[in-house]
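*Asks:* What follows is a predicted protein model with its sequence.
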Amino acid sequence: MADLRDMERLRASFRSRDGLYQRSGEAPERRVSATACRAAYATALTAATVLAAAAPWPDGWADAPLRRGLALDAAATVVVYGFSFYNNNSSVYDPYWCVLPLWLLFYWKAEAPGGFWFYEPRETTVLACVWAWAWRFFLFVPWEGWTVGLAREDWRYHDLRAKLGRGYWGFSLASLHLTPTLLVYGALAPAARVVLAGSDAPPLNRLDAVALVCVVAALALEAAADETLRRHRAAGKTATCVAGLWGRSRHPNYCGECLFWASLSLFALAADTLTPALAAGPAAMCLFFRLASVPLMDQRSLARRPDYARATRGLPALVPSLRPRAHRD
């Protein structure tokens, strides 16, 4: 789910680190109660669980847990879409890209040799990494839908409504719900192969250590970028933030997200389960950030902040420069 994070900001109505809080006057109110928001995810997870246990899978799918996981992920997405449509607010989908990966990993864990009763070190590490990634968002960038409900819809969706008219909800299903679901699923697939290896997994090796270091670095990068931006806004500053990592990259948090998904692929490589098809998932996620999220956010910032072009002149889009902004002026 496309700060995938757009999703990792295509879904930015709940991400303070992205600077995309709905401001008064930006879009009409489209209120959704916290009860409805919670019900959307309770229903989606229940539906996925029931289907996982009782669905009549086609021939050839019995030994294809990745295929079944994709079908279950899509089904849960459609359930959430139903709540979005009923409540006339596509932002009901916003936290989906963090919620469903956790369910999917435990579904795959149940399918692995040894099931829930055997935890091989590598798969345990991967599960812990994904949970740490998800809970960082849940705890430090909380979605207001869980507690007080939604007051407005993401400004992007509001703009799309004006352009698409009656075609908006078909577009919302395909592009604002299913597309980010597919992106996150593809990026998660290498981790799925590690979990599915279960008790048949090869021993840990040095590449696992490299992968873990990269995951920790990715989460630390995102946390540092988010905290710097939070303090910038808490101080009441309206100018473009160029402190810390923001003085070395225009989107350091996106860089951390790309590094996280790439790091999960390293675990799959260490387990000798990474194929070119699986590697394409994290690569697609990184391309999405670079080719879709970065331009979208840059255009938004240029339109809203008079100093943005000057403040970010010379800054790389993603990977932080070794030299801070001040040293390039």
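*Replies:* Good, I have the coordinates.

*Asks:* Residue 123 is in contact with residue 109, correct?
*Replies:* Yes: at 7.3 Å, residue 109 counts as touching residue 123 under the criterion of Cβ atoms under 8 Å. For glycine as for every other residue, the C-beta is placed from the backbone atoms N, C-alpha and C.

*Asks:* So which of those two has more stuff around it?
*Replies:* residue 123 (26 against 20; other Cβ atoms under 10 Å).

*Asks:* what's the spacing between residue 87 and residue 95?
*Replies:* Using Cβ to Cβ, to the nearest Å, one gets 15 Å for the distance from residue 87 to residue 95.

*Asks:* Looking at these two, which is more packed in?
*Replies:* Using other Cβ under 10 Å, the more surrounded residue of residue 87 and residue 95 is residue 95, with 25 against 20.

*Asks:* Leaving out the residues flanking it, which one is nearest to the more buried one?
*Replies:* Take residue 95 and drop its neighbours on the chain: the residue closest to it by Cβ to Cβ, 6 or more residues apart in numbering is residue 143, 4.6 Å away.

*Asks:* Which pLDDT value goes with that neighbour?
*Replies:* The per-residue pLDDT reported for residue 143 equals 90.

*Asks:* Let me know whether it touches residue 94 as I believe.
*Replies:* Yes: the pair residue 143 / residue 94 is scored as a contact, 6.0 Å apart, by Cβ under 8 Å.

*Asks:* So these two - more neighbours on which side?
*Replies:* Using other Cβ under 10 Å, the more surrounded residue of residue 143 and residue 94 is residue 94, with 27 against 19.

*Asks:* so what's residue 161 up against?
*Replies:* residue 168 (Cβ atoms under 8 Å, 6 or more residues apart in numbering).

*Asks:* same question but for residue 187, I mixed them up
*Replies:* 4, 261, 264, 281, 282, 284, 285.

*Asks:* cool, and residue 204?
*Replies:* Residue 204 touches 121, 122, 270, counting by Cβ under 8 Å, 6+ apart.

*Asks:* For this protein, which helix or strand comes out least confident on mean pLDDT?
*Replies:* Sorting the helices and strands of the chain by mean pLDDT, DSSP states H and E puts helix 155-164 at the bottom, at a mean of 83.

*Asks:* check which helix or strand covers residue 57.
*Replies:* For residue 57, there is no enclosing helix or strand under DSSP states H and E.

*Asks:* hmm, who's touching the host helix or strand of residue 130?
*Replies:* Using DSSP H and E, residue 130 maps to helix 121-140. Identification of contacts with helix 121-140 by Cβ under 8 Å, 6+ apart yields 95, 98-99, 101-102, 105, 109, 112, 188, 191, 194-195, 197-198, 201, 204, 208, 212, 215, 219, 222-223, 226, 260, 263-264, 267, 270-271.

*Asks:* and if you look at stretch 48-68?
*Replies:* So stretch 48-68 is contacted by 71-73, 75-76, 100, 103, 107-108, 111, 189, 192-193, 196 (Cβ under 8 Å, 6+ apart).

*Asks:* how far is it from where the chain is centred?
*Replies:* Centroid separation for stretch 48-68 versus its chain: 25 Å, with Cα atoms, centre = their mean, to the nearest Å.

*Asks:* Next one: residue 320 from residue 73, what distance?
*Replies:* 32 Å.

*Asks:* Likewise for residue 95?
*Replies:* 15 Å.

*Asks:* What's the local residue count around the closest residue to residue 41 other than its chain neighbours?
*Replies:* Nearest residue to residue 41, sequence neighbours excluded (Cβ to Cβ, 6+ apart): residue 99, at 6.0 Å. Residue 99: 19 surrounding residues under other Cβ under 10 Å.

*Asks:* Am I right that residue 99 sits in a helix?
*Replies:* Yes: assessed by DSSP: H, G, I helix; E, B strand; the rest coil, residue 99 belongs to a helix.

*Asks:* With only the CA atoms kept, save stretch 301-315 in CSV.
*Replies:* Taking Å, rounded to 0.1, in the frame of the first residue of the first chain, the C-alpha atoms of stretch 301-315 are listed here in CSV:
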residue,chain,number,x,y,z
SER,A,301,5.5,21.5,-2.3
LEU,A,302,6.4,23.8,-5.1
ALA,A,303,2.8,24.9,-5.3
ARG,A,304,2.4,25.5,-1.5
ARG,A,305,5.9,26.7,-0.4
PRO,A,306,7.4,29.7,-2.1
ASP,A,307,10.9,28.8,-0.7
TYR,A,308,10.8,25.1,-1.7
ALA,A,309,12.7,25.4,-5.0
ARG,A,310,15.5,27.5,-3.5
ALA,A,311,15.7,25.5,-0.2
THR,A,312,16.0,22.2,-2.0
ARG,A,313,18.2,23.3,-4.9
GLY,A,314,20.9,20.7,-5.5
LEU,A,315,19.4,18.1,-3.1
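
*Asks:* Right, I'll call it a day here.
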